[in-house]
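>>> Quick one: sequence plus predicted model below, questions after.
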Amino acid sequence: MAYEPLYLAYLVYFNRDRDYFECHEVLEELWLARERDPLYKALLQTAVGLYHFRNNNVRGGLMMLNRSYEVLQQYPGDTLGINLIKLAREVEDYARKLDSYADQPFEYYDLTIELIDPILVEEVTATGKEIVPNRPQRRGPQRPLPSHRANKEF
């Protein structure tokens, strides 16, 4: 496998499932393992920005997408097997629209990360077969399931 499994999972959750909470969960783990690599953080922030806006948090979405764009634009266009130039432009455009949201509201829409490396396409497809979509999607951290003692009647 040429790409990190957590990165592949991120792309499945982002493009197929539009599950931006799970994107955050898996990519944060990789970001920490990669000594807080700024590119992984920017990709993480793209998902978090969309998550916030989809949940009616315009300010949070704007902040995350602006931060993401600042970093994404600094990398070569074909980094990590994706069309990073296109993604950076789309993130910038989204942030610009959010900045004017009070005067020009618009409907939420998803972004799609274009995969340009055939090996990445293959690996994401294979990974997607292993990942069951979360239905319904989680909207935040979840507490562990109660222990068996919680089910006992007293």
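Perfect, I can see it now.
>>> Okay, buried residues for the helix or strand of the chain with the lowest mean pLDDT please.
Least confident helix or strand, the chain: helix 20-33 with a mean of 94, by mean pLDDT, DSSP states H and E. For helix 20-33, the neighbour count (16 or more other CB atoms under 10 Å) marks 20, 21, 22, 23, 24, 25, 26, 27, 28, 30, 31 as buried. All C-beta spots, glycine's among them, are computed from the backbone N, C-alpha and C.
>>> Now the third one. Nearest residue, chain neighbours left out?
Closest residue to residue 22 apart from its sequence neighbours, by CB to CB, 6 or more residues apart in numbering: residue 13 at 4.3 Å.
>>> do the same with the last one
Take residue 31 and drop its neighbours on the chain: the residue closest to it by CB to CB, 6+ apart is residue 40, 4.1 Å away.
>>> For that neighbour, give me its contacts.
7, 27, 30, 31, 34 (CB atoms under 8 Å, 6 or more residues apart in numbering).
>>> okay if I get these as TSV plus distance to residue 61?
Output for these, formatted as TSV (distance: CB to CB, whole Å):
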residue	distance to residue 61
7	23
27	17
30	22
31	20
34	25
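>>> Name the nearest of those residues relative to residue 90.
residue 27 (17.8 Å; CB to CB).
>>> about what we covered before: what does the least confident helix or strand of the chain rub up against?
Contacts for helix 20-33 (CB under 8 Å, 6+ apart): 4, 6-7, 9-10, 13-14, 37, 40-41, 43-44, 47-48, 50-51, 54, 134, 137-140.
>>> Just the buried subset of these, please.
If we count by 16+ other CB under 10 Å, the contacts of helix 20-33 have these buried: 4, 6-7, 9-10, 13-14, 40-41, 43-44, 47-48, 50-51.
>>> Residue 20 and residue 65, how far apart?
Taking CB to CB, to the nearest Å as the measure, residue 20 and residue 65 are separated by 12 Å.
>>> Spell out which residues are contacts of both of these two.
Taking CB under 8 Å, 6+ apart as the contact rule, residue 20 and residue 65 both touch residue 50.
>>> Tell me the backbone dihedrals of residue 115, please.
For residue 115, the backbone dihedrals (degrees, to the nearest 10) come out as phi -90, psi 130.
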